[in-house]
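Peer 1: coordinates for the following, if possible.
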Amino acid sequence: MIVYEALKNEFLDDVYRDKLVDNLMSNFHDKIGSIGKSELRSWENSMNYMYRLLNDPEIPGNAGVAIEFRVPYSSKRVDFLISGSNEFSESIVIIELKQWETVEKVDNKEAIVRTALGGGLREVVHPSYQAWSYAALIKDYNSNVQDEKIELYPCAYLHNYSSLGTKDPIVHEKYQFYIDNAPVFVKGDSERLRNFIKQYIKHGDNKTNLYKVEKGKIRPSKSLQDSLLGMLKGNDEFVMIDDQKVIFETAKSLASEAIRSNKKQVLIVKGGPGTGKSVLAINLLAELTAQNMVCQYVTKNAAPRSVYAKKLKGDFRKSHIDNLFKSSGSYIDAPFNEIDVLIVDEAHRLNEKSGMFNNLGENQIKEIINASKLAVFFIDERQRVTLKDAGNVEAIQHFASESKAVITVKELESQFRCNGSDGYLAWIDDVLQIRKTANADMIDKDYDFRVYSDPSEMRDEILRLNRINNKARLLAGYCWNWSKEGKYNSDIHDILLEEYGFGMSWNLANTDSWAIDEDSVHEIGCIHTSQGLEFDYVGVIIGDDMFCKLGSVETDFTKRAKTDNSLKGLKKLYIDNPQKALKLADEIIRNTYRTLLTRGQKGCYIFCTDKELEKYFINRLANSTRRNEYLLSNSNAIAAEQPNKYKLNPEI
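Peer 2: The predicted model follows:
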């Protein structure tokens, strides 16, 4: 997606006639949503610099200019692009624009600097790293860039920054690798930057390369499961951007500090679905293990651990795998500071007690902090899905303070799931009435969300998509009992919707790696087999535990299956404190569906057993018609062609 595009001469004319910012605001509102005052000021400032810079006859007038291009699988946007060609290749120059006036070098963290932002000093990635990482992601995920061999040339332009000469921290040798790959230009460097552009943009292309980049299909990203083996062997499988890189370097620094000073450290990393928590966790596992630190990946949920173990099978001995991936109840009797670093993924799923009967130990958070010199907790408090889930930021801070640990809190915002759409995630939170959001009616046009009236049609579409790369799955709320007879036989159907002739089995009990097994698309996964994992597409059956009444989304915990232990103990709590019990059950049911509905990177399809809820979703979808390419779901043409399907993105 590009917010603004024009030929160079058109761009110059828009700036000269004071039309550019108005055009940007209008396009931004239509394509993304509301815009902040700080971003508006940045445009007004930076675009005048770009006007002076491009006002050079040697830069072709028919070169393409684009402003605010969204990086694939990310909510991040490239500030400025110029397209054309030279004698060797089709070319696009990527320019990251900064308003900075001061920069401080950060010694013990790679590619990190400190600058004044938001009323204080903040650690952020070096602008050359930022430009380089954006270009790397575009090259990794855009099919046209790869197939058409379009060369990308990133750089950074700090037009308000006065150089301090050879001792300037912005060009310190510790950042040289990234500066070599993405040069940094500062105030007074206009001629140098012009020459950089003219080196690669000798001929105009009438925006052809911009069109190719914008229309290039997003190739399937390397999933965490597929890339873990390479990462553990020392390969850089994922390029971390912005806040991911800051947190990665922070964790490395805290690990070194904890070992060197013998001062216990706790790092809390908050982030919603798809912000890269698991990617960061495994990157840290690989990096710190390579540095000869005793490091383990910890999660309460067995599904991710089983998937990773299966991927590693044959390349590492089982004992080595077991030493890398641990359950959250593994540290009951662990000696103080026995392990250098414990990386806790899905920390919101931690329990108080451990063991099959929840009668062992005192508190998993306390035990993990006690056992490690550095404990890293990746957490999303809105993914608490059982009554036993006791992981929250307040509890982590309490036990960290009790152990006299130094506490660091960071937040991940970069979005990598749901096609990088912050809008979809905000929409889901608002639709499920978890919280009111600013962009309640905005879904990115590239994300494929559909409402099906027939579960069989939804299943058929998931089966079709799964044939591409085994990355589409069916999921459901836990409203159907898991029968003993069908635990090992998918021909025995647990989930029956007889009025539609629909029947399927829950995931079988004879495998822990349902998420990647070849035949598991013929079974339906639940929250326990999918949380912490991702797919390209998911089809979600919303059961009777969620319904709609007069426009209000309601929940009913009594519709949950008896074989589901998520709400075990609720009936007793209801007798003692009915108000508290109902509030907890409501939160868990909403969080469960929020988690299921955000497992798909490219698309999510739903079927609701409650027809009023189905109508509610369709109406909410219809309210998103501001999206440029929205296909009205109940139009006569679609109703005739696809009577049981409502879709936001028809071009799948």
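Peer 1: for Ser635, report the pLDDT, please.
Peer 2: pLDDT recorded at Ser635 is 34.
Peer 1: can you offset everything so residue one is 838?
Peer 2: Happy to do that; since the first residue is 838 now, the last one works out to Ser1472.
Peer 1: these two touch, right, Asn864 and Val840?
Peer 2: Yes - Asn864 lies in contact with Val840 (CB atoms under 8 Å); the separation is 4.9 Å. No exception for glycine: its C-beta is placed from N, CA and C like everyone else's.
Peer 1: okay, the two: which has more neighbours?
Peer 2: Applying other CB atoms under 10 Å to Asn864 and Val840 shows that Val840 carries more neighbours, namely 21 against 17.
Peer 1: excluding its backbone neighbours, what's nearest the more buried one?
Peer 2: Among residues not flanking Val840 along the chain, Glu905 sits closest, at 3.6 Å (CB to CB, 6 or more residues apart in numbering).
Peer 1: could you dump the one helix or strand the one you found maps to to CSV, C-alpha only?
Peer 2: Secondary-structure element containing Glu905, defined by DSSP states H and E: strand 901-907. Written as CSV, here are the backbone C-alpha positions of strand 901-907 (Å, rounded to 0.1, in the frame of the first residue of the first chain):
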residue,chain,number,x,y,z
GLY,A,901,8.3,7.8,-9.7
VAL,A,902,7.8,9.3,-6.2
ALA,A,903,6.0,7.5,-3.4
ILE,A,904,5.4,8.5,0.2
GLU,A,905,4.4,6.2,3.0
PHE,A,906,4.8,2.7,1.6
ARG,A,907,3.9,-0.1,4.0
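Peer 1: tell me the strands beside that strand, with direction?
Peer 2: Looking at strand 901-907 with DSSP bridges, its partner strands are strand 839-844 (antiparallel), strand 914-922 (antiparallel).
Peer 1: so which of the ones you listed is the most surrounded?
Peer 2: Highest mean neighbour count of the strands paired with strand 901-907: strand 914-922, a mean of 24 (counted as mean count of other CB atoms under 10 Å).
Peer 1: let me see the mean pLDDT of that strand.
Peer 2: Strand 914-922 shows a mean pLDDT of 94.
Peer 1: Ile1430 touches Met1383, doesn't it?
Peer 2: For residue 1430 the amino acid is Tyr, not Ile. Yes - judged on CB under 8 Å, Tyr1430 makes contact with Met1383 at a distance of 6.2 Å.
Peer 1: show me the common contact partners of the two, please.
Peer 2: Residues touching both Tyr1430 and Met1383 (CB atoms under 8 Å, 6 or more residues apart in numbering) are Gly1314.
Peer 1: related to what we said a few turns ago, quick one, which of the strands paired with strand 901-907 is nearest to Asn1456?
Peer 2: Nearest of those to Asn1456, taken as CB to CB: strand 839-844 at 28.7 Å.
Peer 1: quick one on the thing from earlier: so the residue nearest to Val840 versus Gln1128, what's the distance?
Peer 2: Counting by CB to CB, to the nearest Å, the gap from Glu905 to Gln1128 is 38 Å.
Peer 1: got it, and His1235?
Peer 2: Using CB to CB, we find His1235 at a distance of 30 Å from Gln1128.
Peer 1: with Ser1240 instead?
Peer 2: In terms of CB to CB, Ser1240 sits 24 Å off from Gln1128.
Peer 1: where in the stretch 1188-1337 of the chain is pLDDT low?
Peer 2: Residues of the stretch 1188-1337 of the chain meeting the criterion pLDDT under 70: 1251-1259, 1275-1282.
Peer 1: can you check the chain too?
Peer 2: For the chain, applying pLDDT under 70 flags the ranges 870-871, 909-911, 1055-1066, 1074, 1151-1152, 1155-1156, 1251-1259, 1275-1282, 1461-1489.
Peer 1: kindly export the strand or helix carrying Ile1412 (C-alpha atoms) in CSV.
Peer 2: Secondary structure from DSSP H and E places Ile1412 in helix 1407-1413. Provided in CSV are the C-alpha atoms of helix 1407-1413 (Å, rounded to 0.1, in the frame of the first residue of the first chain):
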residue,chain,number,x,y,z
LEU,A,1407,-15.8,-21.7,38.1
LYS,A,1408,-19.0,-23.3,39.5
LYS,A,1409,-17.6,-23.3,43.0
LEU,A,1410,-16.5,-19.7,42.5
TYR,A,1411,-20.0,-18.8,41.2
ILE,A,1412,-21.6,-20.1,44.4
ASP,A,1413,-19.2,-18.0,46.5
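Peer 1: and it, what's buried?
Peer 2: Neighbour-count burial for helix 1407-1413 flags 1407, 1410-1411 (criterion: 16 or more other CB atoms under 10 Å).
Peer 1: how about Ser1167, secondary structure?
Peer 2: Secondary structure assignment for Ser1167 (DSSP: H, G, I helix; E, B strand; the rest coil): coil.
Peer 1: that one: neighbouring residues, count only.
Peer 2: 18.
Peer 1: next, the contact list for it, please.
Peer 2: By CB under 8 Å, 6+ apart, the contact list for Ser1167 reads Val1135.
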